[in-house]
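A.B. asks: Turn this into a structure:
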Amino acid sequence: ITIIVGENGTGKSTLLKAILGKIESEAGDIRIRPRAKIGTVSQEAPGGNTSPVDFVLAADHEYSSLMAEAETATDPHRIAEIHDRLNDIDAHAAPARAAAILSGLGFSTEAQARPLQSFSGGWRMRVALAAALFAEPDLLLLDEPTNHLDLEAIMWLEDYLVNYPPTLLMIS
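C.D. replies: Residues are numbered from 1 along each chain as shown. Next up is the predicted model:
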């Protein structure tokens, strides 16, 4: 875990943009392993009719695509491959894991089923954070992740990130 702390205007967010390839760095090289999954929280809050738990589940693209393909596959060999891979990635536990992350960020069981559009921007940003955590990218870049959190959610996030296995770069 790497945490970058600094005053406003010192270039912390600019560094994240350079890592994401959104801007060119003035000097030096940024190298990330080919095909590495990079996760970040967008500055734009998610919306629409989907529920927070469904939005979070969709953040794991392999899980989502395999679940969708499992619904329509007809070739017995492909069906077996899909189910083997779903078993390998522990897909049966995915809904509970998504719900646990959302719960940690302050969403009740009932709130997890409501449409995203029924939440304020701050609560929708919590959903975006939950999605980034759920996807377990190889490199997780977080820019001020506590901005929309209350003390209880901040404490939960700190505990969660202490045990986060992949690489984490956080701006604060």
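A.B. asks: Pull up the distance across stretch 103-115, start to finish.
C.D. replies: Terminal residues of stretch 103-115 are spaced 16 Å apart (CA to CA, to the nearest Å).
A.B. asks: ok, residues contacting it?
C.D. replies: Stretch 103-115 has contacts (CB atoms under 8 Å, 6 or more residues apart in numbering) with 48-53, 99, 102, 119, 123, 126-127, 129-130, 149-150, 152-153, 156-157, 160. For glycine as for every other residue, the C-beta is placed from the backbone atoms N, C-alpha and C.
A.B. asks: Next: stretch 9-22.
C.D. replies: 4, 6, 23-25, 30, 32, 38, 40, 139, 141, 143, 169, 171.
A.B. asks: hmm, back to that, any of the contacts of stretch 103-115 buried? List them.
C.D. replies: 50-53, 99, 102, 119, 123, 126-127, 129-130, 149, 153, 156-157 (16 or more other CB atoms under 10 Å).
A.B. asks: ok, back up a step: in ChimeraX, select just the buried ones from the contacts of stretch 9-22.
C.D. replies: To isolate the buried members of these in ChimeraX, using 16+ other CB under 10 Å:
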select :38,40,139,141,143,169,171
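A.B. asks: where does the closest residue to Ala98 other than its chain neighbours land in three-state SS?
C.D. replies: Closest residue to Ala98 apart from its sequence neighbours, by CB to CB, 6 or more residues apart in numbering: Val56 at 4.2 Å. The three-state assignment at Val56 reads helix, by DSSP: H, G, I helix; E, B strand; the rest coil.
A.B. asks: Help me confirm that Val56 comes into contact with Ala128.
C.D. replies: No. Counting by CB atoms under 8 Å, Ala128 is not a contact partner of Val56; they are 9.3 Å apart.
A.B. asks: For this structure, which residues score under the pLDDT cut-off?
C.D. replies: Residue ranges of the chain with pLDDT under 70: 1.
A.B. asks: what residue is smack in the middle of it?
C.D. replies: The chain has Ala132 as the residue nearest its centroid, 0.7 Å off, counting by CA atoms, centre = their mean.
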